[in-house]
Structures are given as C-alpha cells and as structure tokens.
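Peer 1: Structure of the sequence below:
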Amino acid sequence: MQDDDKRAAADAAVGEIGAGMLIGLGTGSTARFAIDAVGRLVRDGLSIRAVATSDASERQAKALGIEMLDFARVERVDLTIDGADEIDDRCRAIKGAGGAMLREKTVAAASRRMIVIADGSKQVVRLGGVPVPVEILPFACASILKALGGEPVLRLSGGQPYRTDNGNWIADVRYDLDDPAAIARRLDTIPGVLGHGLFLDEVDAAYIACRGVVTRLERSAPSG
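Peer 2: Residues are numbered from 1 along each chain as shown. Next up, the predicted model:
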C-alpha cells in the first residue's frame, strides 16, 4: 500500500512537467517512482532534460532514456521533484535518509519550483519525529559531533562511516524542533558542516497520497 501511494503521488506530480523543461530528479525510495514516471513520459515522446541529485538517480534516469546534464554546467532548473522523510502543512521538510541532502538542496536552490512527493505517513503536524541528517567533513568528525548538540549518531554502512557521493560522512541528529529555523541557523554556522536535511524554505508544493487519494499542498495555502 505504501509503495502504491508513493507511485500515485509521483504520477500526480509529473503532471506539472511540460515539454522542453529541465527537471531536477531527487533521490530515495519515493523519488525512484518519480524517475520511473518521467521515464514513461520520455518514452511516450515528451522532450525534456534532467539533472540528478545522486549517482544512483542518474544511473536510473539514463537507463530509462532520460537525457541527463551535468549540474555543474546548469544555472537554472525549471522543476525539481523529490521525496521527504517528513513534511508539515507549511511545506517544511526533513530530507536526507537517502544521503543526498546536500546535492538535493543545491539543486532545489537553483529550481524555479520544487515539489515533494510522499505517502501519507510522511505528513506530520510537527517536524522532529525523525533525525536530521547532517553532512560533515570527515577531517573534523569528532569536533563537529560535539558541536552539533542534540543526539548525533554517525551513520554507518558495513561497519564503516557511510560516505555520500561527495565523499563526506553523515551524522543523524535527534533535535527538539520546536524552532527548526533556529536549529538550521545554528547548523549553518558550524565549520565542517557542509549541509543538512532541514528544508524550511525550498519546497513550494507537495503531492501526498494516502490510500490512493492524492492531495496537493501548496506553501501559500497551508492546511488546517
């Protein structure tokens, strides 16, 4: 059921894609459904180009015949579609379970519009039910973990520190997010913190599917 909802949200979101657009492709289990949906549009004749927020997403997109560009040469993206670990009714999100939040935020910042797609379990009243991923410089790991506060846990893979596509490490940090903007500002000031998963201003809209019903949430029109 959860995968069905992810697919439904992705299928709804790609309805915003128009011919000739440059699309940003997100990373993670939900974003994979969006990439599949974009691939179907391309197969059916829609002419678009794309950039990817991770090596895995780029491989998937290329296998589906999507024309991929090097983001280093791209100044502006028309539309980015990505998943989220949590999203509230103000379109503030936590991202980074897939380890790509630094690239995702960079692409989002270059995008005219960013859409999050999610199943209903990701919609929350208040952020903070999941840790905030923080990409850190391995050179300064111990001092950064101390400076982060909260409850930082170095992410591991196969018993070794998980490495992002950028070659850095990730700390997953439990914070009280009563004031997420204050936490984001604090993280932004710590030397060696290269990026974090608090997306407080980047997301313009979300397509959220629950039991097959898709709801669109716009930043300008919060629910409730």
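
Peer 1: Okay, helices next: where are they in this structure?
Peer 2: 2-13, 29-43, 55-63, 101-109, 141-148, 180-188 (DSSP state H).

Peer 1: Go through these and pick out the most buried.
Peer 2: Each of the helices of the chain was scored by mean neighbour count; the highest is helix 101-109, a mean of 23, by mean count of other C-beta atoms under 10 Å. The way it works is simple: take the backbone N, C-alpha and C, and place the C-beta from them, glycine included.

Peer 1: Please identify which of the helices of the chain is closest to D89.
Peer 2: helix 180-188 (13.6 Å; C-beta to C-beta).

Peer 1: Just list the residues touching the residue lying closest to R163 once chain neighbours are set aside, thanks.
Peer 2: What sits nearest to R163 in space, not counting adjacent residues and going by C-beta to C-beta, 6 or more residues apart in numbering, is W169, at 6.7 Å. For W169, the contacting residues are 135-138, 141, 154-155, 161-163, by C-beta atoms under 8 Å, 6 or more residues apart in numbering.

Peer 1: Mind checking which of these are in strands?
Peer 2: The strands, defined by DSSP state E, take in 135-136, 154, 161 from the contacts of W169.

Peer 1: what's the spacing between the nearest residue to T80 once chain neighbours are set aside and G129?
Peer 2: Counting by C-beta to C-beta, 6+ apart, G24 is the residue found nearest to T80 once chain neighbours are left out, at 3.1 Å. G24 sits 26 Å away from G129, going by C-beta to C-beta, to the nearest Å.

Peer 1: Please say which of the two ends up with more neighbours.
Peer 2: A side-by-side neighbour count of G24 and G129, using other C-beta atoms under 10 Å, places G24 first with 27 against 13.

Peer 1: now for the longest strand along the chain, which elements pack on it?
Peer 2: Secondary structure of the chain read by DSSP E shows that its longest strand is strand 111-119. If contacts are counted by 3 or more C-beta pairs under 8 Å, 6 or more residues apart in numbering; DSSP states H and E, strand 111-119 sits against helix 2-13, helix 29-43, strand 77-82, strand 205-210.

Peer 1: Put together CSV for these, with distance to M114 and mean pLDDT on each row.
Peer 2: Formatted as CSV, the helices and strands packed on strand 111-119 follow (distance: least, C-beta to C-beta, whole Å; pLDDT from 0 to 100):
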stretch, distance to M114, mean pLDDT
helix 2-13, 11, 96
helix 29-43, 12, 98
strand 77-82, 5, 98
strand 205-210, 8, 97
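
Peer 1: Of all those, which one comes closest to R186?
Peer 2: Across those, closest to R186 is strand 77-82 (C-beta to C-beta), at 24.2 Å.

Peer 1: Give me every residue in contact with that closest one, excluding its own residues.
Peer 2: Taking C-beta under 8 Å, 6+ apart as the rule, strand 77-82 contacts 10, 13-14, 16-17, 21-28, 31, 34, 38, 51, 53, 95, 104, 107-108, 110-117.

Peer 1: and that strand, which strands flank it?
Peer 2: Paired neighbours of strand 77-82 in the sheet (DSSP bridges): strand 22-25 (parallel), strand 111-119 (parallel).

Peer 1: quick check: domain ranges of this structure?
Peer 2: Annotated domains of the chain cover 2-123+200-216, 132-197 [automatic domain parsing].

Peer 1: what's the straight distance from one end of stretch 8-20 to the other?
Peer 2: 24 Å (C-alpha to C-alpha, to the nearest Å).

Peer 1: And stretch 207-217, by the same measure?
Peer 2: 6 Å.
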